[in-house]
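A.B. asks: sequence unknown, structure follows:
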């Protein structure tokens with residue numbers, strides 16, 4: 001044994017076994033992959049072997065002692081990829097994709113989150129590499145300087161391919177159409193492994209990059225047929241009642257609906273929002289079964305979905321990877337149909353999520369970013385401007401907007417890792433021992449107080465009573481990596497179904513002149529926001545490619561797809577390949593044909609939305625005779641003292 005370990009193949013075998021053990025241990029301890037049954041457990045154990053054989057095996061082609069150096073280098077690279085997924089997963093409950101890696105402009109603003117996600121035990125993930133370095137210093141002297149006989153590395157690679165083939169065959173047997181229905185990356189990692197998933201993702205990304213080139217005007221036809229068939233007629237009570245009214249859209253960062261009415265140590269966490277929900281005299285209708293539908297784009301996905309009624313992409317953010325697409329977004333429609341001006345208010349850098357480019361394609365007139373705000377140290381925490389100074393400093397810009405306007409106000413303080421200055425905390429943290437969960441309630445209270453301040457300012461400036469005010473949550477704040485703490489908070493076991501139910505985010509809306517409905521129990525999602533607003537303004541949503549339906553319509557389609565292929569309805573839910581009865585919470589062992597058809601429809605809807613974005617299909621679609629494609633040269637988002645270089649002199653003088 002000692003003699004074997006001192007050889008190149010022995011050194012390779014040690015590296016392979018250590019890599020295999022480490023990867024499997026990380027799968028079991030860091031990721032919640034939903035493994036069930038002996039077959040899935042076996043595949044989870046097996047899949048690191050093929051990756052190790054292939055990637056580490058390539059190093060055996062190196063000459064002499066370089067083979068050992070390359071084994072260590074390859075092992076280090078694989079470990080880095082694995083650890084990057086560990087950190088990413090701790091917040092996102094997801095795995096890194098190639099499009100996500102392209103979002104490098106965002107990295108500078110997320111340092112605080114990354115630091116909070118790193119843990120001391122992570123150092124253990126490098127122990128095997130250190131051991132290999134030490135071992136190599138002892139055994140390298142006994143190695144020949146010549147290259148290993150080629151048949152040996154080729155046999156290693158062939159074995160790796162064979163193991164992968166067996167792995168894939170068993171995976172397809174256990175989960176048919178695994179590679180065709182790839183919305184859920186957990187499935188791919190569980191069955192094929194993190195490294196094979198990375199290769200698969202790279203291939204898929206290469207394929208999607210060619211889809212725009214190959215697309216033509218015929219491709220939009222089947223999309224139009226589907227959205228026409230799904231269209232829901234407007235509710236007469238609401239249709240046109242908001243025409244000409246200002247629209248103030250308030251974006252609640254990382255705010256989940258379980259916060260509404262939640263009491264921590266006997267104290268309401270969000271008393272102001274609770275009052276809006278329950279006091280019908282305030283005029284708000286609250287949808288308590290409204291879900292976020294975002295994926296890796298998170299906040300940017302929420303913006304895209306609510307302003308275009310298209311789903312975000314299954315990988316990466318459309319704002320980044322499809323930022324130059326043709327869009328027919330809400331801001332441009334309102335401007336062309338009813339003369340609205342539009343603005344986004346956000347106390348962060350203008351390039352975050354590529355906003356300074358994609359907003360032009362949506363037709364947003366003004367973008368008030370960090371250059372417009374006092375970003376002094378006392379006003380900033382975590383990702384940017386605190387919510388209270390943000391709303392306060394936004395008021396003068398809001399007052400100056402030409403009416404009617406569409407104003408999108410984006411909050412920031414209530415964002416992972418939920419940092420808050422002591423003087424801003426007006427409620428004690430929870431005591432679960434999980435820092436992110438414990439602080440979550442403090443920043444939620446701060447956001448609630450900032451909203452109350454903003455509403456008072458709107459009333460003082462005369463902008464409240466006659467404005468449509470919409471409040472919505474963008475995505476979850478607490479991922480399923482915090483299930484232990486969330487069990488203490490909710491008093492319930494966080495099952496897959498419960499986690500899906502926790503994806504509810506608030507949606508409430510006040511329409512001047514229309515009586516509040518109180519609490520509306522329709523199952524809805526972010527995809528439904530745009531057609532709802534269009535109908536409230538008296539604009540027929542059927543002219544446009546939209547996958548959502550009017551929430552107030554009697555014909556509203558009451559199913560909510562998630563980006564990973566799961567979905568919720570008012571009676572049953574489909575989560576991770578299983579159907580659940582919403583009332584009993586039990587698994588439905590024999591789903592009906594109707595349920596299976598709904599699953600197929602969800603898959604079809606997501607695929608059609610992807611075709612629109614990947615193929616940039618809206619460039620082939622004209623909504624109506626009056627529609628003018630958005631000219632991005634008309635938009636410029638510099639600082640308050642910068643002029644638009646794209647405007648001609650005549651326009652500037654006007």
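C.D. replies: Sure thing, it's come through. Because the structure is predicted, anything quoted here is derived from the model rather than measured.

A.B. asks: tell me the confidence at residue 64?
C.D. replies: At residue 64, the model reports a pLDDT of 80.

A.B. asks: once you drop chain neighbours, what's closest to it?
C.D. replies: Spatial nearest neighbour of residue 64, excluding adjacent residues (CB to CB, 6 or more residues apart in numbering): residue 145 at 4.1 Å. For glycine as for every other residue, the C-beta is placed from the backbone atoms N, C-alpha and C.

A.B. asks: what separation do you get for that neighbour and residue 161?
C.D. replies: Distance check for residue 145 against residue 161: by CB to CB, to the nearest Å, it reads 29 Å.

A.B. asks: can you pick out the residue with more neighbours from these two?
C.D. replies: residue 161 (13 against 8; other CB atoms under 10 Å).

A.B. asks: for the more buried one, pull up the helix or strand it's in.
C.D. replies: Taking DSSP states H and E as the criterion, residue 161 maps to helix 151-174.

A.B. asks: so which residues of the stretch 501-650 of the chain form strands?
C.D. replies: Assigned by DSSP state E, counting those that start in this stretch, the stretch 501-650 of the chain shows strands spanning 507-510, 519-525, 559-561, 567-569, 572-575, 578-581.

A.B. asks: want to throw these into TSV with mean neighbour count, mean pLDDT and distance to residue 539?
C.D. replies: What follows is those, written out as TSV (neighbours: other CB atoms under 10 Å; pLDDT from 0 to 100; distance: least, CB to CB, whole Å):
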stretch	mean neighbour count	mean pLDDT	distance to residue 539
strand 507-510	25	98	16
strand 519-525	20	97	19
strand 559-561	24	97	24
strand 567-569	23	97	28
strand 572-575	22	97	33
strand 578-581	18	96	37
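
A.B. asks: can I get those strands in TSV including distance to residue 614?
C.D. replies: Shown next, in TSV, are these (distance: least, CB to CB, whole Å):
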stretch	distance to residue 614
strand 507-510	28
strand 519-525	22
strand 559-561	18
strand 567-569	22
strand 572-575	25
strand 578-581	29
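
A.B. asks: and of those, who's closest to residue 127?
C.D. replies: strand 572-575 (36.8 Å; CB to CB).

A.B. asks: ok, the closest one: who's next to it in the sheet?
C.D. replies: strand 567-569 (antiparallel), strand 578-581 (antiparallel) (DSSP bridges).

A.B. asks: can you list contacts of that strand?
C.D. replies: With contacts defined as CB atoms under 8 Å, 6 or more residues apart in numbering, strand 572-575 is touched by 496-497, 499-501, 565-568, 579-582, 588, 595, 598-599, 602.

A.B. asks: for ChimeraX, what selects the buried ones among those?
C.D. replies: Buried members of the contacts of strand 572-575 can be picked out in ChimeraX with the line below, counting by 16 or more other CB atoms under 10 Å:
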select :496,497,499,500,501,565,566,567,568,579,580,595,598,599,602
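
A.B. asks: quick one on the thing from earlier: nearest to residue 388, out of the strands of the stretch 501-650 of the chain?
C.D. replies: strand 507-510 (20.8 Å).

A.B. asks: how far off centre is the closest one?
C.D. replies: Distance of strand 507-510 from its chain centroid, counting by CA atoms, centre = their mean, to the nearest Å, is 22 Å.

A.B. asks: same deal with stretch 470-483?
C.D. replies: Its chain's C-alpha centre and that of stretch 470-483 lie 10 Å apart, by CA atoms, centre = their mean.

A.B. asks: how far does that stretch stretch from start to finish?
C.D. replies: 31 Å (CA to CA, to the nearest Å).

A.B. asks: now stretch 146-154
C.D. replies: Distance between the two ends of stretch 146-154: 17 Å, counting by CA to CA.

A.B. asks: same check on stretch 328-348?
C.D. replies: Start and end residues of stretch 328-348 are separated by 25 Å (CA to CA).

A.B. asks: look up which helix or strand the nearest residue to residue 514 once chain neighbours are set aside falls in, please.
C.D. replies: Counting by CB to CB, 6+ apart, residue 241 is the residue found nearest to residue 514 once chain neighbours are left out, at 5.2 Å. Assigned by DSSP H and E, residue 241 belongs to neither a helix nor a strand.

A.B. asks: check contacts around residue 241.
C.D. replies: Applying CB under 8 Å, 6+ apart, we find residue 241 in contact with 511, 512, 513, 514, 536, 538.

A.B. asks: give me phi/psi at the first one?
C.D. replies: As for residue 511, its main-chain torsions (degrees, to the nearest 10) stand at phi -110, psi 120.

A.B. asks: quick one: it and residue 536, what's the gap?
C.D. replies: With the distance defined as CB to CB, residue 511 ends up 6 Å from residue 536.

A.B. asks: buried stuff in whichever strand or helix holds residue 204?
C.D. replies: Element membership for residue 204 (DSSP H and E) is helix 194-209. For helix 194-209, burial by neighbour count (16+ other CB under 10 Å) applies to 194, 195, 196, 197, 198, 200, 201, 204, 205, 208.
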